[in-house]
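1. Build me a structure from this.
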Amino acid sequence: MATIRVKNLLIRTYIGFNPEELANKQDVVININIETEIPEEALESDEPDSIYNYKKITKQVIALVQEGRFKLLEVLTKSILDMVMEDTRVTYAKVEVDKPHALRFAESVSIEMEAKR
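-> So this is what the prediction gives:
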């Protein structure tokens, strides 16, 4: 079993439901933990053909977030988690999405969700 971590992925999106949030993109910071098996043949051959492609899922997450409009941080987080879990090689995933400066006096607000197969 291996854990892949995508750390502090910074993306701009429409997030929120206040008038200024509906009109202006804001930063979100995404962290993703993905557990998957690494086939022995991949470790022996040093070839990427049979392993989980973290570059591909990261690009998909970036597209989802950049092109989307979300009122709730919970919906954005769940959408990313569902996308990660589509690949049957993923046995467990945890997604955390931070919205910096969402609250006065707080650095950020975050939602964390996880799923297990």
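
2. okay, CA-based contacts and neighbour counts for the rest of this
-> Will do.

3. Neighbouring strands - and their directions - for the strand of greatest length in the chain?
-> Longest strand in the chain, counting residues (DSSP state E): strand 2-15. The sheet places strand 2-15 alongside strand 26-36 (antiparallel), strand 69-70 (parallel), with pairing taken from DSSP bridges.

4. how about the CA coordinates for it, as CSV?
-> Extracted as CSV, the C-alpha positions of strand 2-15 are listed here (Å, rounded to 0.1, in the frame of the first residue of the first chain):
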residue,chain,number,x,y,z
ALA,A,2,1.2,3.5,-0.8
THR,A,3,-0.1,6.9,0.0
ILE,A,4,0.1,9.6,-2.6
ARG,A,5,-0.1,13.2,-1.3
VAL,A,6,-0.9,16.2,-3.4
LYS,A,7,-0.1,19.1,-1.1
ASN,A,8,-1.3,22.7,-1.2
LEU,A,9,-2.7,22.8,-4.7
LEU,A,10,-3.6,26.5,-5.1
ILE,A,11,-6.5,27.2,-7.5
ARG,A,12,-8.8,30.1,-8.2
THR,A,13,-12.5,29.4,-8.5
TYR,A,14,-15.9,30.9,-7.8
ILE,A,15,-16.8,29.8,-4.2
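
5. for this protein, where's the lowest mean pLDDT among helices and strands?
-> helix 40-45 (a mean of 85; mean pLDDT, DSSP states H and E).

6. how far out from the middle of the chain is stretch 64-71?
-> Stretch 64-71 has its C-alpha centroid displaced from the chain centroid by 12 Å (CA atoms, centre = their mean, to the nearest Å).

7. average pLDDT for it?
-> When pLDDT is averaged over stretch 64-71, the result is 97.
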